[in-house]
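*Asks:* generate coordinates for the sequence data below:
(one chain, ligands or ions: 1)
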Amino acid sequence: MNVPLEGSFDGRRSISGTHEDRLSGLRDLLVCAQGMTVLDIAMNHGLIGFELARFGAALVHGCDVHAPCVNAAREIFAEIATPSRFEIVDLTVGAVALESAFGNDYRQRYDIVLFLGIYHKLKEQTSMSIIADLVRHLTNRTARYFVIRTTMIDELDAIVTNKEFKKVHYSALSSVVGPMEIWQRD
Ligand SMILES: C[S@@+](CC[C@H](N)C(=O)[O-])C[C@H]1O[C@@H](n2cnc3c(N)ncnc32)[C@H](O)[C@@H]1O
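*Replies:* Numbers count the residues shown, from 1 in each chain. Presented below is the predicted three-dimensional model:
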C-alpha cells in the first residue's frame, strides 16, 4: 500500500510521507507480531496496527484525538477478524483520558505499545510533566516492546531510559519520517 495521507485537517493531524515511509524500521517488529496484543497511541487511521494484525497480532487497541481517524480505523478493522477497539482520546490531559475511554477493556499490559509520531506533536500542545507521566504510564503498560518514533528522539530517549527496558532496535534510514527505536522489557 502506498497511499499518501498528508494532513488536511489541522496541525495536530499532520502526517508525513506514505504508509510505506511510516513502516520504515518497523518490519522486524511485524515478524514478532504473532499472538501479541497491541496498543497504538495516536494511531491516525490505524494502518500500522493493521499491518501487525495481518502478521498475526491477537488484539489491537488504538486512540487518536481526531474523530475521522478513529472512524477510519474502525472501518478498516471491520474487514478483518482481529479483535480491536479504537477510541477518541485527547492525550494532552494525560493517561487518565486513556483509562476513561477504554474503561474495563484497558489492559494492564500490552505486548506492544506504539508511540509513533506523537511526542513532538504533544510538545506543541501540553506540558512536559504531562508528557513524561504519559510515557511512564505507557512503559508500565508495556509487556514487551515500547516502540517510538519522533524527530526529537534523544529527548524521548531520556524519558524512556529505565532499568527495566533496553533499546534493541534503532533505525534512521528514512529521509521522510523521523528516527524510530524499539525498547524491550528486560
Ligand atoms: C504524525 S501522526 C502519527 C500517526 C501514526 N502514529 C503513525 O506513526 O503513522 C500524529 C497523530 O497524532 C494525533 N494527535 C495529535 N495530537 C493528539 C492529541 N492531543 N491526542 C491524541 N492524538 C493526537 C493526530 O491526529 C495524528 O493522527
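*Asks:* nearest residue to V60 other than its sequence neighbours?
*Replies:* Residue nearest to V60 in three dimensions, not counting chain neighbours: G49, with 4.1 Å by Cβ to Cβ, 6 or more residues apart in numbering. Heads up, the C-betas are built off the backbone N, CA and C, glycines and all.
*Asks:* next one: L39
*Replies:* Y110 (4.1 Å).
*Asks:* tell me the bridge partners for that neighbour.
*Replies:* T142 (DSSP bridges).
*Asks:* ok, it - contacts?
*Replies:* T37, V38, L39, H61, R141, T142, A143 (Cβ atoms under 8 Å, 6 or more residues apart in numbering).
*Asks:* the helix or strand A72 falls within packs against which elements?
*Replies:* In this assignment (DSSP states H and E), A72 forms part of helix 67-77. Packing contacts for helix 67-77, counted by 3 or more Cβ pairs under 8 Å, 6 or more residues apart in numbering; DSSP states H and E, involve helix 47-54, strand 59-64, strand 84-88.
*Asks:* gap between the longest one and the chain center?
*Replies:* Meaning helix 47-54. Averaging C-alpha positions (Cα atoms, centre = their mean, to the nearest Å) puts helix 47-54 11 Å from its chain's average.
*Asks:* ok and that helix relative to helix 67-77, angle-wise?
*Replies:* Interaxial angle of helix 47-54 relative to helix 67-77 (axes from the mean of the first three to the mean of the last three Cα atoms, to 10 degrees): 20 degrees.
*Asks:* so what's the residue most central in space within the chain up against?
*Replies:* With distances taken as Cα atoms, centre = their mean, L114 lies nearest the centre of the chain, 2.9 Å away. By Cβ under 8 Å, 6+ apart, L114 lies in contact with V38, L39, D40, I41, M43, I48, G49, V147.
*Asks:* make TSV from these and add distance to L30, neighbour count and pLDDT to it.
*Replies:* Shown next, in TSV, are these (distance: Cβ to Cβ, whole Å; neighbours: other Cβ atoms under 10 Å; pLDDT from 0 to 100):
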residue	distance to L30	neighbour count	pLDDT
V38	11	26	98
L39	16	26	98
D40	13	27	98
I41	18	24	98
M43	16	26	98
I48	9	25	98
G49	11	28	98
V147	11	23	98
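*Asks:* which ones among those residues are found in helices?
*Replies:* In this view, the contacts of L114 that belong to helices under DSSP state H are I48, G49.
*Asks:* picking that back up, what pLDDT does the residue nearest to L39 get?
*Replies:* Looking at Y110, its pLDDT is 98.
*Asks:* what do you get for K163?
*Replies:* 88.
*Asks:* can you tell me the closest non-neighbouring residue to it?
*Replies:* Closest residue to K163 apart from its sequence neighbours, by Cβ to Cβ, 6+ apart: D186 at 7.7 Å.
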